[in-house]
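*Asks:* sequence and predicted structure, then a few things I'm wondering about:
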Amino acid sequence: QVQLVESGGGLVQAGGSLRLSCAASGRTFSRDNMGWFRQAPGKEREFVAAIMWNYSTYYRESVKGRFTISRDNAKNALYLRIDSLKSEDTAVYYCATGPPGRTIDTDRGYDYWGQGTQVTVSS
């Protein structure tokens with residue numbers, strides 16, 4: 001059974017940093033694309049960042065320079081470091097995994113999702 005479990009969220013002051021983690025289990029994900037999405041209150045879930053099986057990375061324009069996505073295939077883990085947090089980063093953050101060859105910036109590209117971790121930024 002494939003399972004993704006996010007952790008690392010919390011309440012952080014604006015300007016601070018967080019590192020989100022996603023532990024994947026159930027099979028090997030080294031050949032998959034992996035991504036982070038977020039959903040703010042009252043808004044639709046949106047793409048944040050993705051790292052492909054070949055370690056190419058892609059980011060939402062508004063987070064470039066502040067977010068860093070990485071993966072550790074040996075640990076079946078995905079990470080998202082967030083620096084210079086802003087109030088607009090407040091959301092539930094989800095990790096997801098999907099096969100190569102699909103679009104990486106929409107939900108359609110991913111087959112498996114975690115339950116999410118809450119990030120709240122206080123000003």
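*Replies:* Thanks, I have the structure now.
*Asks:* in the sheet, which residues pair with the spatially most central residue of the chain? Tell me.
*Replies:* For the chain, residue 36 is the residue whose C-alpha lies nearest the centre (CA atoms, centre = their mean; 2.2 Å). Beta-bridge pairing of residue 36 under DSSP bridges involves residue 49, residue 95.
*Asks:* over to residue 19?
*Replies:* residue 81.
*Asks:* my read: it touches residue 81, true?
*Replies:* Yes. With contacts counted by CB atoms under 8 Å, residue 19 reaches residue 81, the gap being 4.8 Å. Backbone N, C-alpha and C define where each C-beta goes, glycine included.
*Asks:* that older thread, which residues touch the residue nearest to the centre of the chain?
*Replies:* Applying CB atoms under 8 Å, 6 or more residues apart in numbering to residue 36 gives the contacts 20, 22, 48-50, 67, 69, 78, 80, 93-96.
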